[in-house]
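Novice: mind looking at a prediction? Sequence and model below.
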Amino acid sequence: MKKLFAIALTGLFLTFSTTSVLAAATESSLAASSFGIQRASWGETTITYANDGTYAKATSSTYAGNCYYISAKVTSTYSNGQANGPSDFSYKYNAPSVATSNVYENGAYRQYTANGVFQDTSSSGNQYATVSSPVFK
């Protein structure tokens, strides 16, 4: 009975693992690097987008602990960056991370940009992070 139960659990685990791998193949993420304004010393902003460019979302996360104020915004642009498309914004107080909803865009030459704002304490200044997806044609 124990062997049958273990085999059944292994089969379920493999099924969940395979599903996760298949889901991950349709999205890509760009974490803000340590260069330029993509990374703040208190945290980083990540953009996650569909490989076909149909949607994207932004996530801002601290490196440790909570920020007094943290926000994430994702904006789409199209026509080679000449016009803004849909966007979404989300913020929290005293939180370690925040994420936007997916923003959908299907115009030509679309690109998504994620912006994050970090305020460590109520009396500290703001730090900013920005990262963009590739241009989808």
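Specialist: Cool, the structure landed. Because the structure is a prediction, the values reported are computed rather than measured.
Novice: can we go C-alpha only for contacts and neighbour counts from here?
Specialist: Will do.
Novice: from the contact counts, what lies against the host helix or strand of T75?
Specialist: Per DSSP states H and E: T75 is located in strand 67-78. Judged by 3 or more CA pairs under 8 Å, 6 or more residues apart in numbering; DSSP states H and E, the packing partners of strand 67-78 are strand 55-62, strand 83-95, strand 97-99, strand 103-104, strand 111-119.
Novice: report the angle between that strand and strand 83-95.
Specialist: Strand 67-78 runs at 170 degrees relative to strand 83-95, counting by axes from the mean of the first three to the mean of the last three CA atoms, to 10 degrees.
Novice: if we can go back for a sec, please convert the helices and strands packed on strand 67-78 to a markdown table, extending it with mean pLDDT and mean neighbour count.
Specialist: Converted to a markdown table, the helices and strands packed on strand 67-78 look like this (pLDDT from 0 to 100; neighbours: other CA atoms under 10 Å):
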| stretch | mean pLDDT | mean neighbour count |
| --- | --- | --- |
| strand 55-62 | 94 | 26 |
| strand 83-95 | 93 | 16 |
| strand 97-99 | 97 | 23 |
| strand 103-104 | 94 | 19 |
| strand 111-119 | 93 | 26 |
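Novice: for S71, which of those strands is the nearest?
Specialist: Nearest to S71, of all those, is strand 83-95, at 4.0 Å by CA to CA.
Novice: hmm, who's touching the closest one?
Specialist: By CA atoms under 8 Å, 6 or more residues apart in numbering, the list of residues contacting strand 83-95 from outside reads 65-78, 98-105.
Novice: any chance of JSON lines for the helices and strands packed on strand 67-78, columns distance to Q127?
Specialist: Below are those laid out as JSON lines (distance: least, CA to CA, whole Å):
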{"stretch": "strand 55-62", "distance to Q127": "11"}
{"stretch": "strand 83-95", "distance to Q127": "14"}
{"stretch": "strand 97-99", "distance to Q127": "14"}
{"stretch": "strand 103-104", "distance to Q127": "24"}
{"stretch": "strand 111-119", "distance to Q127": "5"}
